[in-house]
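Novice: the following comprises the amino acid sequence and a computationally predicted model.
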Amino acid sequence: MKNRTIQSIEYGQPMNMGGFPIRQALPSANVDMLNPFLLLHHAKIDVAKDADLKNAGVGAHPHRGFSPVTFIFEGGVHHRDSRGNDHIVYAGGTQWMNAGMGLIHSERPPADIHDLGSKQELIQLWINSPAKNKMDAPVYLPLTKEDTPTLISEDQATTIQVIAGSLAGLKGPIVPQSPINMFTIKMKAGATYFIPFEKTHQAFIYVLNGLVNLGETSDASNSLVKANHMAVLNQDGDGININALEDCLLLMGTGEPLNEPVASHGPFVMNNQTEIMEAFRDYQMGKMGVLIED
C-alpha cells in the first residue's frame, strides 16, 4: 500500500465570525477548496456563566445546496430548524444536515452547558452537494457518540469513530450524498495506524491537538503536522500512515470530487450565479420556512 504525500499544510487562521473566535483552515490562502469539501471552521468557546443561552451561539440563518456538518468534541450543540427538528448532540456526536432546497437553523449551547464545564469545542465542515441533490428536501441527521461505530486498534492506542463511509469492516451510520469517509481519530503518543481509502478521493487531516507525522518513516520532518493545522494530501497513494508523536485528536475526511461548477455566496452553494440569486429570493420570500425558537 502506497502512502500518500502531503500537498500542503494549512494553518487554521484565527478569525472573528460574528463575535465568535474560530480558526479557518479551509479555504486558505493556498487552497480555495478541496472538492467536495468547501470550508472547515474549528471553534473553542467558553460560555459565560451569565450568558443568555437562548440567544447565545449561532442564531437563525439559512442554508441551501450543501451539507453543513458539525462534529462536537466538547460540550454540546442544540440544533433547531424550520423543518421542526429540535435536538441536542453532545461530545463525541455529529450533527449532519443536508440543506437541500433550503431551511433555516440555529446552533446554540444546550441548557446544561455549565454542568458540562461551560466549554464547547467543535468543527463545522461544509460538504458540497451534487447538482442533482441541491434541491432535495432538507434532511437533519443527529448522531450520538454511543451510536457511532468505533474501531480500537489491537494495541489499544488508536480509537477511530466511523461517522460516514467505511473502515476495517465498520460502516458509518451517515450516508452522504456522494462517496465520503469521515473519521475522528484519537491516538496515544507512539501509536501508528494506516488508513486506506479510495485512490480517486481528495483527503485531509485536521489536527485539533497533539503532533503527528504523516510520512512513511517516523523521522520525515517535512510531514509533521501540529495542532490547528490541516494536511491536504496529494492524490498519489492508497491511504495515509499516521504516526502520533504526542497524544492527539484528529478529524479526517476523504471524498470523491464532484467536478461540477461551484457558485457560492454567504450561506448558499449552488452551480451558477442565477441559482444563487434564486436562493436569496426564495429565502426573502419565506420559502425556506420560519424558525421560532422557544
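Specialist: Yep, it's here.
Novice: so residue 110 touches residue 76, yeah?
Specialist: Yes. Residue 110 lies in contact with residue 76 (C-beta atoms under 8 Å); the separation is 4.3 Å. Where you see a C-beta, it was placed from the backbone N, CA and C, and this is true even at glycine.
Novice: so what sits against both of those two?
Specialist: Taking C-beta atoms under 8 Å, 6 or more residues apart in numbering as the contact definition, residue 110 and residue 76 share the neighbouring residues 88, 90, 116.
Novice: distance of residue 157 from residue 182?
Specialist: Taking C-beta to C-beta, to the nearest Å as the measure, residue 157 and residue 182 are separated by 21 Å.
Novice: can you show me the helices along the protein?
Specialist: According to DSSP state H, the chain carries its helices in the segments 273-284.
Novice: spatially central residue in it, please.
Specialist: The geometric centre of the chain, computed from its C-alpha atoms, lies nearest to residue 125 (C-alpha atoms, centre = their mean), at 3.1 Å.
Novice: what sits against the closest residue to it other than its chain neighbours?
Specialist: Beyond its immediate neighbours in the sequence, the residue positioned closest to residue 125 (C-beta to C-beta, 6 or more residues apart in numbering) is residue 69, lying 4.9 Å away. The contact partners of residue 69, taken as C-beta under 8 Å, 6+ apart, are 94, 95, 96, 97, 124, 125, 126, 127, 182.
Novice: repeat that with 7 Å
Specialist: For residue 69, the residues meeting the contact criterion (C-beta atoms under 7 Å, 6 or more residues apart in numbering) are 94, 96, 124, 125, 127.
Novice: looking at those residues, spot the one nearest residue 279.
Specialist: Comparing these against residue 279 with C-beta to C-beta picks out residue 127 as the nearest, at 17.4 Å.
Novice: check contacts around the closest residue to the closest one other than its chain neighbours.
Specialist: Once its chain neighbours are removed from consideration, residue 127 has its nearest residue in residue 67; the separation is 4.4 Å (C-beta to C-beta, 6+ apart). For residue 67, the contact set (C-beta under 7 Å, 6+ apart) comprises 96, 97, 98, 99, 127, 129, 177.
Novice: and for residue 247?
Specialist: Neighbouring residues of residue 247 by C-beta under 7 Å, 6+ apart: 188, 189, 210.
Novice: of the residues you listed, buried ones?
Specialist: Burial by neighbour count, judged by 16 or more other C-beta atoms under 10 Å, picks out 188, 210 from these.
Novice: got a markdown table for the contacts of residue 247, with pLDDT too?
Specialist: Supplementary listing: the contacts of residue 247 in a markdown table, determined by pLDDT from 0 to 100:
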| residue | pLDDT |
| --- | --- |
| 188 | 98 |
| 189 | 98 |
| 210 | 98 |
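Novice: now render the contacts of residue 247 as JSON lines, adding distance to residue 241.
Specialist: What follows is the contacts of residue 247, written out as JSON lines (distance: C-beta to C-beta, whole Å):
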{"residue": "188", "distance to residue 241": "16"}
{"residue": "189", "distance to residue 241": "16"}
{"residue": "210", "distance to residue 241": "16"}
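Novice: out of the contacts of residue 247, list just those in strands.
Specialist: Helix and strand membership here follows DSSP state E; of the contacts of residue 247, not one is in strands.
Novice: about what we covered before: which ones among the contacts of residue 69 map onto strands?
Specialist: Counting by DSSP E, the part of those found in strands is 94, 96, 124, 125, 127.
Novice: among the residues you listed, which ones are buried?
Specialist: With neighbours counted by 16+ other C-beta under 10 Å, the ones in strands among the contacts of residue 69 contain buried members at 94, 96, 124, 125, 127.
Novice: list just the nearest of those to residue 150.
Specialist: residue 94 (12.7 Å).
Novice: you'd agree the closest one is up against residue 163?
Specialist: Yes. When contacts are counted by C-beta atoms under 7 Å, residue 94 is listed as touching residue 163 (5.3 Å).
Novice: which residues do those two both contact?
Specialist: Among the neighbours of residue 94, those also in contact with residue 163 (C-beta under 7 Å, 6+ apart) are residue 143.
Novice: just the buried subset of the contacts of residue 67, please.
Specialist: Neighbour-count burial within these applies to 96, 97, 98, 99, 127, 129, 177; the criterion is 16+ other C-beta under 10 Å.
Novice: and the fourth one, what does it touch?
Specialist: By C-beta under 7 Å, 6+ apart, the contact list for residue 99 reads 63, 64, 65, 66, 67, 68, 138.
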